[in-house]
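J.: Got a predicted structure plus its sequence, pasted below:
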Amino acid sequence: MRHGKKLNHLGRTNSHRKAMMGNMASSLIMHKRITTTLAKAKALRIYVEPLITKSKSDTTHSRRTVFSYLQSKDAVIELFRDIAEKVANRPGGYTRIIKLENRLGDNAEMAIIELVDYNTVYGADAAPAAKKSTRRRGGAGKGKAADAVAPAAAAEVTPADDAVVVEEEAPKADVAETPATEAPASPEKEENAEKGE
C-alpha cells in the first residue's frame, strides 16, 4: 500500500527524475516560463521553490547547495543575481501554473509554469483595464470637457498655421478647370428615384 507517499515518480527512476527536474528548473530560471505537462509542472514547483528561497541569502553555502540541484553555472548566476532581487519581498509562491489544452498526440494535460514576477500573460490584461473609464448617461459633462480641451488645441494649432502659410507661398501651376458633367442615369435608377419620392 502507498500510504503517505506523496512524491510523484513521473514514471522514471530516481536518477532520471533528478536529472529531469534539474534541467527543467534550469530552463525555468533561464527562460522564466516553460510549457510542460501538468504533472511535471506540479512536481517542478515543489522542486524549484525551495531553491528560489535559498537564493534570497546570497552566501557561498547557498550557492553551492543550489548548484548541486541545478548543475548549471549560468542558471545559478541568473537565480542569485536577477531573480533573487525581484522575489526578495515575496514570502513564497514564486511560480504560477496555468493550465492549457490537452496535447494532441496523447491527450496529456499541458500547462505553463512561470515565475510570478516575470509574468506576461496577466500583466498585459491589467494595463488596458486600468485605462477604461466608466460610462455615464447624459451629455452635461461633455461640454465642460470640450471647453477645457479647446484652448489647449488652439495653442497647438498656432505653430501648425505658420507651416501651412509657408507651403502656400510656393508658386502654383495653372490648371484649367472643366465643369463636371453628370453621367446620364440608367432608366432603372430613375424609376427607383421616382418611387422613393
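T.: Now that the structure is in, tell me what you want to look at.
J.: In terms of helix, strand or coil, where does the closest residue to residue 47 other than its chain neighbours fall?
T.: Closest residue to residue 47 apart from its sequence neighbours, by Cβ to Cβ, 6 or more residues apart in numbering: residue 21 at 4.6 Å. To be clear about C-beta, it is placed using only N, CA and C from the backbone, and glycine gets the same treatment. What DSSP: H, G, I helix; E, B strand; the rest coil gives for residue 21 is helix.
J.: Residue 28 versus residue 21, what's the distance?
T.: 10 Å (Cβ to Cβ, to the nearest Å).
J.: ok, residue 34 - how many residues close by?
T.: Close neighbours of residue 34, defined as other Cβ atoms under 10 Å, add up to 18.
J.: quick one on the thing from earlier: contact partners for the residue nearest to residue 47?
T.: Residues near residue 21 by Cβ atoms under 8 Å, 6 or more residues apart in numbering: 43-44, 47, 69.
J.: before we move on, what about residue 111?
T.: 35-38, 41, 97-100.
J.: out of these, which are buried?
T.: 36-38, 41 (16 or more other Cβ atoms under 10 Å).
J.: In helices, which of these fall?
T.: 38, 41 (DSSP state H).
J.: Let me know whether residue 52 touches residue 87 as I believe.
T.: Yes - the criterion here is Cβ atoms under 8 Å, and residue 52 meets it with residue 87 at 6.0 Å.
J.: Find residues that contact each of those two.
T.: Common neighbours of residue 52 and residue 87 (Cβ under 8 Å, 6+ apart) are residue 94.
J.: any common contacting residues for residue 21 and residue 28?
T.: In contact with both residue 21 and residue 28: residue 44, using Cβ under 8 Å, 6+ apart.
J.: what pLDDT does the residue nearest to residue 47 get?
T.: pLDDT for residue 21: 97.
J.: residues touching residue 92, list them.
T.: Per Cβ under 8 Å, 6+ apart, neighbours of residue 92: 49, 53.
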